[in-house]
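Peer 1: Sequence first, then the predicted structure, then my questions.
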Amino acid sequence: EPEVTQTPSHQVTQMGQEVILRCVPISNHLYFYWYRQILGQKVEFLVSFYNNEISEKSEIFDDQFSVERPDGSNFTLKIRSTKLEDSAMYFCASSASLGYGYTFGSGTRLTVV
Amino acid sequence: RKEVEQDPGPFNVPEGATVAFNCTYSNSASQSFFWYRQDCRKEPKLLMSVYSSGNEDGRFTAQLNRASQYISLLIRDSKLSDSATYLCVVNKGYGGSQGNLIFGKGTKLSVKP
């Protein structure tokens, strides 16, 4: 079964540092997403991406966040200057059609110290 | 009113029991409805989509009432492997918002031998 692959599985970073979370979506999917889940809380939408541009972003996705599809396979989330409250599990997802048939990656646990 | 609200749980049931989860959503523009399951510290996995006519997949039955903005999931003959957190998920609405999934906080189910 096709998978969405995320790396690294766990990243520890110091406050104020930049981090890049990487994702390889399923190859024939066209829509890409980032979600996050703070420990003990609900999964929250960050951003959707289609045709090399952001389709929609949430209030959480401020100027500190950016996404990129640098080549035909990777989809990255960059946090420019991490804060303690950015500590969370970040899930990448992809789908063939908008809003349906999501496949989530196994997540990157980001710990900001 | 919360965007997606679920029974807080946890539900502790014996093997073989029937268990029902309820969910309400606030956005009448939502078009797509899902139940996901999430194991501890893992990614959400789609259990089933929910349609107005109701749908069944083996031991799982989902119902949607658009007028009441209410979604349910019934698990019959519960197994130990059903132990997980069950997430009620709706999309935000039309157009580009179709890809923005709104998650409930989830209801934890623990099936005991």
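Peer 2: Alright, I've got the coordinates.

Peer 1: Now do the residue nearest the centre of chain A, the pLDDT please.
Peer 2: With distances taken as CA atoms, centre = their mean, the residue of chain A nearest its centroid is A:W34 (3.4 Å). For A:W34, the pLDDT comes out at 97.

Peer 1: how about it, what does it touch?
Peer 2: When contacts are counted by CB atoms under 8 Å, 6 or more residues apart in numbering or on different chains, A:W34 touches A:21, A:23, A:46-47, A:67, A:77, A:90-93. All C-beta atoms are positioned from the backbone trio N, CA, C, and that covers glycine.

Peer 1: What about chain B: which of those residues touch it?
Peer 2: Among the contacts of A:W34, the residues lying close to chain B (CB under 8 Å from any CB of the partner chain) are A:F91.

Peer 1: nearest residue to the residue nearest to the centre of chain A other than its sequence neighbours?
Peer 2: Spatial nearest neighbour of A:W34, excluding adjacent residues (CB to CB, 6 or more residues apart in numbering or on different chains): A:L46 at 4.3 Å.

Peer 1: for chain B, what are the nearby residues on chain A?
Peer 2: Chain A comes close to chain B at residues A:31, A:33, A:35, A:41-45, A:48, A:50, A:55-56, A:58, A:89, A:91, A:95, A:98-102, A:104-107, as judged by CB under 8 Å from any CB.

Peer 1: And those residues, which of them are buried?
Peer 2: Applying 16 or more other CB atoms under 10 Å in any protein chain shown to the residues of chain A next to chain B, the neighbour count classes A:31, A:33, A:35, A:42-45, A:48, A:50, A:55-56, A:58, A:89, A:91, A:95, A:98-99, A:102, A:104-107 as buried.

Peer 1: can you give me the helices for the chain?
Peer 2: Going with chain A. Taking DSSP state H as the test, none of chain A falls into helices.

Peer 1: these two touch, right, B:M48 and B:D57?
Peer 2: Yes. Taking CB atoms under 8 Å as the definition, B:M48 is a contact partner of B:D57 at 5.3 Å.

Peer 1: Give me the more crowded residue out of those two.
Peer 2: For B:M48 versus B:D57, the count of surrounding residues by other CB atoms under 10 Å in any protein chain shown is larger for B:M48: 18 against 11.

Peer 1: Show me the contact partners of stretch B:7-26.
Peer 2: With CB under 8 Å, 6+ apart as the criterion, stretch B:7-26 contacts B:1-6, B:33, B:35, B:68-80, B:86, B:88, B:90, B:102, B:104-113.

Peer 1: For that stretch, output the C-alpha coordinates as CSV.
Peer 2: What follows is stretch B:7-26, C-alpha atoms only, in CSV (Å, rounded to 0.1, in the frame of the first residue of the first chain):
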residue,chain,number,x,y,z
ASP,B,7,-18.3,12.5,23.7
PRO,B,8,-15.3,13.0,25.9
GLY,B,9,-15.0,9.4,27.0
PRO,B,10,-13.1,7.2,27.8
PHE,B,11,-15.3,4.3,27.0
ASN,B,12,-14.3,1.1,28.7
VAL,B,13,-16.2,-1.9,27.3
PRO,B,14,-15.8,-5.7,27.3
GLU,B,15,-15.1,-7.7,24.2
GLY,B,16,-18.2,-8.3,22.2
ALA,B,17,-20.0,-5.2,23.3
THR,B,18,-21.7,-2.7,21.1
VAL,B,19,-20.4,0.8,21.5
ALA,B,20,-21.8,4.1,20.0
PHE,B,21,-19.9,7.4,19.4
ASN,B,22,-21.7,10.6,18.8
CYS,B,23,-20.5,13.8,17.2
THR,B,24,-22.0,17.2,16.4
TYR,B,25,-20.6,19.9,14.1
SER,B,26,-21.3,23.6,13.9
